[in-house]
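Q: just the structure for this:
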Amino acid sequence: ITIPNFGRITQNRSYLGVVPGADECVSMRRSDKGPNRLTQTIKDLQPGRLYSVSFYSDDPGKTMTGSRHAVSMAIERGEILPALSAQTPQIDLNRHFTVFRAKADTAVLTISDWKDDATAGGPVGQTLRYDFVQVQPYDAE
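A: Presented below is the predicted three-dimensional model:
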């Protein structure tokens, strides 16, 4: 969906002026029947190299202000390194940062609005918006 000024409000991107696509995000409403998922293939990876995935989740209903959102991420053909990963609550936003080691030249990134495949972990009916998903090489030094 497109929300006017969303990029400026959620990520303080006002210094960039008008940025095409900055106000677009994915919106998911948590269901008790199963997780919603956002999936994307990541291409041109180097097996063995470290990469980071980062994105923001936003709670427009302010149902869990200052709390960690019940969100999970999986990377098929990638090994997630928990010691180098974090989820940081920032009022109504959470910043998600995950480091993974590529196992192949492509991987599949999946972001879900459930804590894991069996547990919602957050209120059913809660809407979360996802924005600014980035994948880039990670330098461990």
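Q: any idea how far the residue positioned nearest the centre of the chain is from K33?
A: Closest residue to the average C-alpha location of the chain: F55 at 3.9 Å, with CA atoms, centre = their mean. Distance of F55 to K33, given as CB to CB, to the nearest Å: 24 Å. Quick note: C-beta positions are derived from backbone N, CA and C, even for glycine.
Q: can you check K103 too?
A: From K103 across to K33, the span is 32 Å (CB to CB).
Q: tally of neighbours for Q134?
A: 9 (other CB atoms under 10 Å).
Q: let me redo that: S31
A: Applying other CB under 10 Å, we find 13 residues neighbouring S31.
Q: which residues touch it?
A: Counting by CB atoms under 8 Å, 6 or more residues apart in numbering, S31 touches V124.
Q: neighbour count for K103 and K33, which is higher?
A: The neighbour comparison of K103 against K33 (other CB under 10 Å) goes to K103, with 15 against 8.
Q: residue contacts, the more buried one?
A: If you count contacts by CB under 8 Å, 6+ apart, then K103 has P47, R77, G78, E79 around it.
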